[in-house]
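> Return atomic coordinates for the entry below.
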Amino acid sequence: MSAYRDGDKVVVMVPSRLTKAEEEQWIATILERLEERERRRRPTDADLQSRARELSRRYLDGRADPVSVRWVANQRTRWGSCTPDDGTIRLSTRLRGMPGWVVDYVLVHELAHLLVPGHGADFWELVGNYPKADRARGYLEGVAAAAHLPLEADAPDGEAAGDAIHRGDGLHPGAEYPHEAAG
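Residues are numbered from 1 along each chain as shown. Here you go, the predicted model:
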């Protein structure tokens, strides 16, 4: 048994040996599961706010307390942004449908900005508390490369490289991320 979307329709395939009652029961079950999976992959603003608080508690000792966390559609080259002065975090709607651990990484990254506005060692130490930070950055770099998004070095004229934060890849394309030297 399987189901997939074909435009606005959901196509459900079930074995022909099922009775009509079994078929209807399985279709209802499969549609419920599909709806739940899609709901998890498309959290609401309230879900984002709740998740941000949980991530702050888990990885930042609860020190980052955003006033609001919401989806925005106007970030075409950034995954997220925040305004530390008023405690707001915005995530690009392009993140919807990406794995939860990637969205969590962007949230942790923005939460860390509420505590440390720059990108020094203290900032990366906070972000590094999230165990999938490197993996998520790599994922976002791959998405950015596939979509031919501009990298930090390609920032629009007049935009300083430091202002291109949250562009394309793992939020800071071309930026130096802390890493351990091979030895």
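> Tell me if I am right that Ala3 is in a helix.
No - the assignment for Ala3 by DSSP: H, G, I helix; E, B strand; the rest coil gives strand, which leaves it out of any helix.
> Pretty sure it sits against Trp26.
No - using C-beta atoms under 8 Å, Ala3 is not in contact with Trp26; the gap is 9.8 Å. C-beta: built from backbone N, CA, C; applies to glycine.
> Between these two, which contacts overlap?
Contact criterion C-beta atoms under 8 Å, 6 or more residues apart in numbering; residues shared by Ala3 and Trp26: Val12.
> downstream neighbour of the helix or strand of the chain with the lowest mean pLDDT in the secondary structure list?
Among the helical and strand segments of the chain, the one scoring lowest on mean pLDDT, DSSP states H and E is strand 2-6, with a mean of 75. Sequence-wise, the next helix or strand beyond strand 2-6 is strand 9-13, with elements assigned using DSSP states H and E.
> Show me the beta-bridge partners of the closest residue to Val10 other than its chain neighbours.
Excluding the flanking residues, the one nearest Val10 by C-beta to C-beta, 6 or more residues apart in numbering is Ala3, at 5.8 Å. For Ala3, the beta-bridge partners are Val12 (DSSP bridges).
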